[in-house]
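Participant: give me coordinates for this.
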Amino acid sequence: MEKVRDELIHLRDIAWTTSGARYNAARRLRTRSRLSLAVISLISAGGVALPLVAASPLFISKADFFGLFSAVLSLFILVVAVIETASGFEAKAETLYRNAEALNAFRLRINVLLASAEQLTPENLGDRTLDYAQIRDTCSINHEVVDYDLFRAKHPKDFEIRGGWMGARFVELRFALHSTWWLILIVLLSVWSFAKLVCK
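Facilitator: Residues are numbered from 1 along each chain as shown. Next up, the predicted model:
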């Protein structure tokens, strides 16, 4: 019976870890989706503003450069829009979130089993192990290592993080930039290029 209890606790902990990583993955993908929408909107606004700026007497000599820059911005908009539409990050995030919720419910059922000595049987352990595998496998999308690493960093009492406090902060930064760094880079490059063009 003690062996069954230990195995059920281990299974509950695995479900907790998996659900936590999948919650993180859902949050990361939603952030990516919203940021890409913001980038598309910002670059589109820049593309609309450029002809107005080019028409100003202050910048009339740079009208050709503004036209080229506007064309480059339009290309960026097209690339980002195609990538984001094809990726379907919102739908993936919803799938991961629902699976994490199902795993949490499973974990609560394990707690009920652990509270009842009569139900600590090898048969129940086998059934719950099968239940866990079925719930986990209903999600065709898996979380990434960065999602799992963030979960570990958020629970330092349960997991050892290399580098201690600084290591945990590095994991959080890597998580924040994992799917979004190139979108941020596009915005920074666009702003920098526009500033260089205006100040030239």
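Participant: show me what contacts the most centrally placed residue in the chain?
Facilitator: With the centre of the chain defined as its mean C-alpha position, the nearest residue by Cα atoms, centre = their mean is Arg28, 1.5 Å away. For Arg28, the contacting residues are Val146, Asp147, Phe175, His178, Ser179, by Cβ atoms under 8 Å, 6 or more residues apart in numbering. To be clear about C-beta, it is placed using only N, CA and C from the backbone, and glycine gets the same treatment.
Participant: could you work out the most separated pair of those?
Facilitator: Farthest apart among the contacts of Arg28 by Cβ to Cβ are Asp147 and Ser179. That separation is 10.4 Å.
Participant: Asn142 in helix, strand or coil?
Facilitator: coil (DSSP: H, G, I helix; E, B strand; the rest coil).
Participant: check the gap between it and Gly163 for me.
Facilitator: From Asn142 across to Gly163, the span is 26 Å (Cβ to Cβ, to the nearest Å).
Participant: which of these two has more neighbours?
Facilitator: Each of Asn142 and Gly163 has its neighbours counted (other Cβ atoms under 10 Å); Asn142 has more, 14 against 11.
Participant: give me the low-pLDDT residue ranges for this structure?
Facilitator: By pLDDT under 70, the low-scoring segments of the chain are 48-70, 194-200.
Participant: same thing but at 80, please
Facilitator: Scanning the chain for pLDDT under 80 picks out 1, 38-87, 117-119, 163, 165, 179-200.
Participant: quick one: contacts for Arg12?
Facilitator: Listed by Cβ under 8 Å, 6+ apart, the contact set of Arg12 reads Arg107, Ile110, Asn111, Leu114.
Participant: now Val171: how far from Val79?
Facilitator: Per Cβ to Cβ, Val171 is found 30 Å from Val79.
Participant: these two: which is more packed in?
Facilitator: Val171 (21 against 11).
Participant: could you find the closest non-adjacent residue to the more buried one?
Facilitator: Nearest in space to Val171, with sequence neighbours left out and distances taken as Cβ to Cβ, 6 or more residues apart in numbering, is Ala153 at 4.2 Å.
Participant: where's the one you found, which helix or strand?
Facilitator: In this assignment (DSSP states H and E), Ala153 forms part of helix 145-154.
Participant: got the contact list for that helix?
Facilitator: 17, 20-22, 24-25, 28, 158-159, 161, 167-168, 171-172, 174-175, 178.
Participant: give the helix, strand or coil label for Phe76.
Facilitator: Phe76 is classified as helix under three-state DSSP.
Participant: and it, how many residues sit next to it?
Facilitator: Neighbours of Phe76 using other Cβ under 10 Å come to 19.
Participant: same deal with Leu150?
Facilitator: That count, for Leu150 with other Cβ under 10 Å as the rule, works out to 26.
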